[in-house]
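Peer 1: A structural model of the following input is requested.
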Amino acid sequence: MKNNKILLIATLILSILAASCQQDLLDIEQKSVIDQATFYANANDQEAIELMANVYRECFFTGANFQSDVILNALSDDNWFSQDNSAVAMEQFDDFTVTADNEFLSDIYSHYYQLNYYANLIVENVPNDSDVKNRVIAEAKAVRAWAYIELIRYWGTPPLVDRVMSSSEAEQLTNGNPEQLWNYVETSLIEAAAELPSKASKDGQAEIGARLTKEACYALLAKAYLYQEDYQNAETYLKLVIDSDLYDLVDVNDLYHPAADFSAEYLWEFNANDVNTNNYTVQNTNMRTFYYNWRSDKLRMPDQMVSMGWGFGTPTKKFGEFIGEFDVTATGERSARAKTLITDIDNIYNDGSLTFGGSPIDEADGAFVSSAPLYNSAGYFRLRDISWAEDMFPTTNLWNTFSMTNRPYMRYAEVLLMYAEVCLYTGSEGGLDALNEVRERAGVPTLGSYDLDDVKDERRAELYWEAERFCDLVRWGDAASVLADEGKVHYQLWGYKEDGSWDVRETEGTNPNGFKAGKNELLPFPASEIYSCPGIIQNSEY
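Peer 2: This is a model prediction of the structure:
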């Protein structure tokens, strides 16, 4: 895909379309401006591809991906986001004090609907008069289904917008009916899968690029059925993916690095566009490098890491202790997977995998460059999805530093773990093999039998930082008990005590009540949406 040209043209097209919308307001006929529906209806094959390229771009650069990382990872018991109690919008998700006025909440809600809108513009207006256009229409249907899976997971009964609506129609929206919402998702994915191709081989995704395939639709469809507890249908579509023999697990050390781009493990991913040396035009709204890297004003940054970061997304004490006990080899050492997920103070000093100024750091050097503590840290540091220096585009401006690493929306490991889970419910064979395939790749002992607790633990470890943990806890009915203490205590890391133990101090949190059953399973509808659409009933107790 000629991404740079396509995205530039698509952006120009949408700029023209946005300008055309002003005609209704001014009631003045503009010259040399094409009506939006007319443009889509007359799009040739290349223009249809360009329109869809913009939709794919929006999947990653709107709240639909970046801010879902913030929201769902912060809601889980595995990560903290606020580092110094100043990022209130993030802290509200950490502590379950989120309100309808939260800026992140409003952004992500609006952007999922924006994705749905862009997709429906294609579905309704681009004619199905060529194979290329049929494929583009199918891709648009799949993207709108993905957007609604996320909307349903967050809000439960989001308004159903199954076509391009006028502003007056939108003002009359009410809460969606769950059955109709899921039908929109299922129908969109089934229709998309019927038109989309499979990749040619396990290594065939590079030829397709970052475009959806038949099997990616099957995996998303299975996920939708899993959330509806329709385990038989979930199993059917997961087995279609597995039996295709087009997907596999890759070296765990390659995940979230360019080595895994378009690999056998990724069913659908964002293409970081490696042909663009600076990449500013493609990723200029992506702040992951700064949000998610370690706190560079307080910590010495390893040579391997981009030397800037704000420290959001710190592993919690609970997750650090869980990985230390669960993700171990037969001899009790950290597994290969564990070493790619998180590290801690002792391992930074002792295992030698990270260097500082060309040499391993030792205790005498100290990790801190500031006398201030590291807030919301109990001694653990995230490694997954860190901006490693070797993975970045070369640039002379640190603020223009972007990663060459593609971002997966769905991995084959998740397919295997979903299959292991649904087989427990349906009584089918094959679930243990699927679970053990993931465990073997991770470097932990395989199991002779398994139960739901094994699946829960495996998903927690394998899908760390992939915004699945909170929704898993809710659908399993575990959220109230597992998240009961979230928000009650904050931590500060001060380094080491004289006896060599970690100097971790507790402070009082902002929410002494923790997760509240009957409320925090869902997020509040943004206040701006309630104001614009009075027919939407707010979720309980917000």
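Peer 1: which residues of the stretch 1-150 of the chain fall in strands?
Peer 2: Taking DSSP state E, counting those that start in this stretch as the criterion, the stretch 1-150 of the chain contains strands spanning 79-80.
Peer 1: which regions of it sit below the pLDDT cut-off?
Peer 2: 1-34, 61-68, 82-87 (pLDDT under 70).
Peer 1: for residue 371, see how far away residue 357 is.
Peer 2: 21 Å (CB to CB, to the nearest Å). Placement of C-beta: from N, CA and C, glycine included.
Peer 1: sorry, slip of the keys, the one I care about is residue 524.
Peer 2: The value you get for residue 524 to residue 371, if CB to CB is used, is 39 Å.
Peer 1: show me where this structure has strands.
Peer 2: Under the criterion DSSP state E, the chain contains strands at 79-80, 266-270, 314-315, 342-344, 355-356, 359-360, 374-375, 380-382, 407-411, 489-496, 502-508.
Peer 1: just the endpoints, please. Distance across stretch 205-224?
Peer 2: Counting by CA to CA, to the nearest Å, you get 24 Å between the two ends of stretch 205-224.
Peer 1: least reliable of the strands of the chain going by mean pLDDT?
Peer 2: The minimum mean pLDDT among those belongs to strand 359-360 (a mean of 81).
Peer 1: isn't residue 144 up against residue 113?
Peer 2: No - using CB atoms under 8 Å, residue 144 is not in contact with residue 113, being 10.0 Å away.
Peer 1: who's more crowded, these two?
Peer 2: Remark: of residue 144 and residue 113, residue 144 carries more neighbours, 28 against 20, as counted by other CB atoms under 10 Å.
Peer 1: can you give me every residue that contacts that one?
Peer 2: When contacts are counted by CB atoms under 8 Å, 6 or more residues apart in numbering, residue 144 touches 115, 116, 119, 120, 123, 188.
Peer 1: repeat that with 6 Å
Peer 2: Going by CB atoms under 6 Å, 6 or more residues apart in numbering, residue 144 touches 116, 119, 188.
Peer 1: for residue 208, same thing?
Peer 2: Taking CB under 6 Å, 6+ apart, we find residue 208 in contact with residue 199.
Peer 1: offset the numbering so it begins at 36, please.
Peer 2: Right, with 36 as the first residue, what we last looked at is residue 243.
Peer 1: would you mind measuring from it to residue 302?
Peer 2: Distance check for residue 243 against residue 302: by CB to CB, it reads 11 Å.
Peer 1: that older thread, export the strands of the chain to a markdown table and append columns for distance to residue 108.
Peer 2: What follows is the strands of the chain, written out as a markdown table (distance: least, CB to CB, whole Å):
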| stretch | distance to residue 108 |
| --- | --- |
| strand 114-115 | 5 |
| strand 301-305 | 17 |
| strand 349-350 | 10 |
| strand 377-379 | 13 |
| strand 390-391 | 27 |
| strand 394-395 | 30 |
| strand 409-410 | 17 |
| strand 415-417 | 10 |
| strand 442-446 | 14 |
| strand 524-531 | 17 |
| strand 537-543 | 21 |
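Peer 1: got these as a markdown table, with distance to residue 493 and mean neighbour count columns?
Peer 2: Shown next, in a markdown table, are the strands of the chain (distance: least, CB to CB, whole Å; neighbours: other CB atoms under 10 Å):
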| stretch | distance to residue 493 | mean neighbour count |
| --- | --- | --- |
| strand 114-115 | 18 | 28 |
| strand 301-305 | 19 | 23 |
| strand 349-350 | 18 | 28 |
| strand 377-379 | 16 | 21 |
| strand 390-391 | 32 | 14 |
| strand 394-395 | 32 | 13 |
| strand 409-410 | 30 | 22 |
| strand 415-417 | 19 | 24 |
| strand 442-446 | 13 | 22 |
| strand 524-531 | 27 | 18 |
| strand 537-543 | 28 | 13 |
